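# I need the structure of the sequence given here:
(one chain, ligands or ions: 1)
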Amino acid sequence: MNSLGSIFSFISKDAVNKIQIMVTHQNGENGDKYETLQSMVKYELDNNLVDLQRRAEHPESGCRTLLRLHRTLRWLELFLEKLRTSTEDSKTSVMCTDAYNDSLAQYHAWIIRKAATMAFCALPGRAAFFQTMNVGSTEQVVAMLVEAIPFISKVYEITEELYKQHNLLELP
Ligand SMILES: CCCCCCCCCCCCC/C=C/[C@@H](O)[C@H](COP(=O)(O)O)NC(=O)CCCCCCCCCCCCCCC
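Residues are numbered from 1 along each chain as shown. The predicted model follows:
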């Protein structure tokens, strides 16, 4: 993200913030409760550490923070899948925008959607983007994606199912 330029820094800043919140939970005095997704959900729900209706006392709960990352993972899954099946003349900005509109966009306010869509227009073309990924030739990028995407999908499914069971998919 950083090598894509400063226009993307407002996006990566939010992701870094949220990852930092999760790391702080893991390093805190109840860090052992944050070892797995399942133990985190149980611990925070059992101890009323999650704002269920509106943001109030627990704006940085692990459950709501991870939900934002989980939604972002869906965008990543869609975007990488488009990259995997793309051809030389495919546009990264279009692939990225389509993936965003089919996932994260529905959770974002109008102004964020506009800013994100503008940033996507500044994405480098496919060849330069693959170079930025620093994996090697196009064939190597595709091979890496073939290997990685199923893991991303699996993590997404497990989280989705767990959050569904506990009614956590709309946390404010
Ligand atoms: C490579 C192109 C990168 C495009 C990234 C696509 C995601 C676009 C998201 C735009 C988010 C704008 C920032 C603000 C978001 C927040 O409002 C919003 C809600 O948070 P709140 O409930 O705490 O208020 N936050 C979120 O939904 C989380 C968004 C986090 C975005 C992180 C994006 C990380 C991208 C990782 C890039 C990996 C690229 C790898 C390519 C091979």
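# what segments of this structure are helices?
Assigned by DSSP state H, the helices in the chain fall at 9-27, 37-46, 62-84, 92-101, 110-121, 126-133, 138-165.
# distance to the ligand and mean pLDDT added to those helices, as a markdown table?
Glycine gets a C-beta too; all of them are placed from N, C-alpha and C. Below are the helices of the chain laid out as a markdown table (distance: least, C-beta to the nearest ligand atom, whole Å; pLDDT from 0 to 100):
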| stretch | distance to the ligand | mean pLDDT |
| --- | --- | --- |
| helix 9-27 | 3 | 94 |
| helix 37-46 | 16 | 98 |
| helix 62-84 | 4 | 98 |
| helix 92-101 | 6 | 98 |
| helix 110-121 | 4 | 94 |
| helix 126-133 | 5 | 94 |
| helix 138-165 | 8 | 98 |
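# closest to residue 172 out of the ones you listed?
helix 62-84 (7.1 Å; C-beta to C-beta).
# now tabulate the helices of the chain in TSV and tack on mean neighbour count.
Below are the helices of the chain laid out as TSV (neighbours: other C-beta atoms under 10 Å):
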stretch	mean neighbour count
helix 9-27	14
helix 37-46	16
helix 62-84	19
helix 92-101	19
helix 110-121	14
helix 126-133	15
helix 138-165	14
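# nearest to residue 1, of the ones you listed?
helix 9-27 (4.0 Å).
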